[in-house]
Structures are given as C-alpha cells and as structure tokens.
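**Student:** give me a 3D structure for the following:
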Amino acid sequence: MAKVAQWHLLLAFILTVAKADDKKPADVATDACKLGRVLQAIVTQLEGKLQPAAATISAKRPLIAQIMAATGQGSAEIHLLAAPILLKLTTAVTSAERKLKTLTAKTTALAAKLRAEASRALAITEAVSVQVKTTDTGDTNAGTLDQKYNIQFTALKTGKLACPQELPQAAQNADNWIHPENLKTMVFYRLKINAQTGQARLPTLGKGAGGACTNGAASVANGGITGTNLCIAGGPVLVADKRTHAAAHNGKYIAQPVTDMEREADPDKTEQALA
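**Tutor:** Numbers count the residues shown, from 1 in each chain. Below you'll find the model as predicted:
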C-alpha cells in the first residue's frame, strides 16, 4: 500500500508541475519573435511532463503481474490476504491510466493550439521585417522624376534571420512557465497596418536635409540623401500589435480593458477573447 501511495503522489506532483517563479512568460515575450519561442518552450514542457507519468504508471503493470504470480504459488491464506491489496492496486493503476489518457488528449489539443499560435507569432515577425526603404529620387522636382524611382522595400527576413532559434531565458525559466500562477496574464501579437496619424510618421515622403530624409518630425538620419532632393523616408508598413490578456475563470484569455489613451491612439483597438 505504501508503494501505491508513493507512485500516486509522484503522479500528482508531476501533473501539478513545478513551483511558481517570478519570471513569467508575459514578461519574456516582449516581441512576436520571443512569444513564438516562449510558446514552443511551453509545449516542450507540457509534453515532457507526460512522459515520466506514463512511465511510472506502466511500470506498475509488471509489478501487479509479479504479485499475482507469487500469490498464486502461495497458500490459500496468503491468497486471501493479497486479494484486496491486488484489487486496490489494479483499480488505482487503471484509474491512473484513464486519467492520464484524458490528460494526454487535452495536452495534445492544447499543444496544437500553442504551436499554431507560435507559428503565427513567427510569421508576424517575418512580415514586419519588410519595410519601405529610404531612397533618394535624385531630383528636387516631382514633375521630372525618373520612372525608375519606385517605392522600394527592404529584404524579407525569414527563419533565424528574422527570429533567433535560441531564447536565453528558456533554459532558466521554461519549467516554471507552465505554472498557473505564471499564466494569469499573457501577451499575444497580431498584424496591424502602420496607421496614419495627424502628423508625419515613417514611412513618408520627404525632402533631403543634411543627408537625412525629413518630413516634419519624421526623419531618417544619415539616409544618404543628396541636397534637398525629394526622398522617401523608410519605415514599417505592418507592425506587431501587442495585446495583453488576463486568464478568466474558464481558462480562456480575455483582453484587458482598453485604456482611454490606447483608444485615442487607436480607435479600432477592442477587447478580444483568446481561447
């Protein structure tokens, strides 16, 4: 009976996971790239917790068989004493197997969602890597612009160029990232157009001034612009919109209320629930 209690406690410990840590996933995922790596690390942790639990449970089946074999060779009195113990042990193992099967199914479904969200985050990282390039039209007069002076873009960064494979924080903190206390708040990213504002913002049309391409407060320094030529000051077309979500009682993430300042800066920003 002592052994049954020990492995049952071990299973409970494994499934409850490690202690909480001050370093939370939301603190680490400061951009879409890091979020992608954080979610990948969380999937690894979740799936890794199932393996030792499965091994612990499966190891009890041979033990039960050995006890049954030994009991069968003993006296009727031994068989009578061992029968209730075997029944409890078999029932406990069967129950643990059933719970593990349910947990495995839930973990697999959750891992699929996390992998999809991680892929989305990495795709966003690649998308925002493309920006309008700062260019000199070579002319001060828009009426005589050469047809070759189209809007140009920077090269698309993909894979490790867009998002490094390694996340330094993962080695020290990943085992704590799946603790419920550390997941009360989470951040996610979505693609968003670099919205027009009431003032000039990058990218923008501009004129050369001191080698920079400038339009009001929007300027790209050291842009290599000749004289006062017309130019394009480069900048992002798409941006990663960071959204902070709080976990509700049902386990789904609900967006934090939009502040007045956020609503003024972005009228389209709304609360959104994320499963």
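**Student:** okay, CA-based contacts and neighbour counts for the rest of this
**Tutor:** Noted.
**Student:** for the protein, what helix or strand is lowest in average pLDDT?
**Tutor:** The least trusted helix or strand in the chain, going by mean pLDDT, DSSP states H and E, turns out to be strand 273-274, with a mean of 47.
**Student:** quick one, strands of the chain?
**Tutor:** Secondary structure of the chain by DSSP state E: the strands cover 131-132, 135-136, 185-193, 204-209, 212-215, 218-220, 230-233, 235-236, 238-247, 253-255, 273-274.
**Student:** who touches the fourth one?
**Tutor:** Applying Cα atoms under 8 Å, 6 or more residues apart in numbering, the set of residues contacting strand 204-209 from outside is 213-215, 218, 225-235.
**Student:** so what are the sheet partners of it and their directions?
**Tutor:** strand 212-215 (antiparallel), strand 230-233 (antiparallel) (DSSP bridges).
**Student:** out of those strands, which one sits most buried?
**Tutor:** Looking across these with neighbours counted as mean count of other Cα atoms under 10 Å, the highest average goes to strand 230-233: a mean of 27.
**Student:** and stretch 216-230, end to end?
**Tutor:** 14 Å (Cα to Cα, to the nearest Å).
**Student:** which stretches of the stretch 151-275 of the chain have low pLDDT?
**Tutor:** Residues of the stretch 151-275 of the chain meeting the criterion pLDDT under 70: 249, 251, 254-275.
**Student:** go again with 80.
**Tutor:** In the prediction, the stretch 151-275 of the chain carries residues with pLDDT under 80 at positions 171, 223, 248-252, 254-275.
**Student:** what about the spatially most central residue of the chain, distance to residue 194?
**Tutor:** The residue at the geometric middle of the chain, judged as the C-alpha nearest the mean C-alpha position with Cα atoms, centre = their mean, is residue 39 (3.1 Å). When Cα to Cα is the yardstick, residue 39 and residue 194 sit 26 Å from each other.
**Student:** between the strands paired with strand 204-209, which gets nearest to residue 162?
**Tutor:** Using Cα to Cα as the measure, strand 230-233 is the one of the strands paired with strand 204-209 that comes nearest residue 162, at 22.2 Å.
**Student:** which one of the strands paired with strand 204-209 lies closest to residue 134?
**Tutor:** Closest to residue 134 of the strands paired with strand 204-209, according to Cα to Cα: strand 230-233, at 4.6 Å.
**Student:** what's the closest one in contact with?
**Tutor:** In this structure, residues lying in contact with strand 230-233 by Cα under 8 Å, 6+ apart are 132-142, 151, 202-208, 213-214, 218-220, 223, 225.
**Student:** the residue lying closest to residue 210 once chain neighbours are set aside: what's it in contact with?
**Tutor:** Counting by Cα to Cα, 6 or more residues apart in numbering, the nearest residue to residue 210 once its immediate chain neighbours are dropped is residue 227, at 7.1 Å. Taking Cα under 8 Å, 6+ apart, we find residue 227 in contact with 208-211.
**Student:** export these to CSV and tack on neighbour count?
**Tutor:** Converted to CSV, the contacts of residue 227 look like this (neighbours: other Cα atoms under 10 Å):
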residue, neighbour count
208, 25
209, 20
210, 15
211, 17
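**Student:** and of the residues you listed, the nearest to residue 174?
**Tutor:** Each of these was checked against residue 174 using Cα to Cα; the closest is residue 211, at 46.5 Å.
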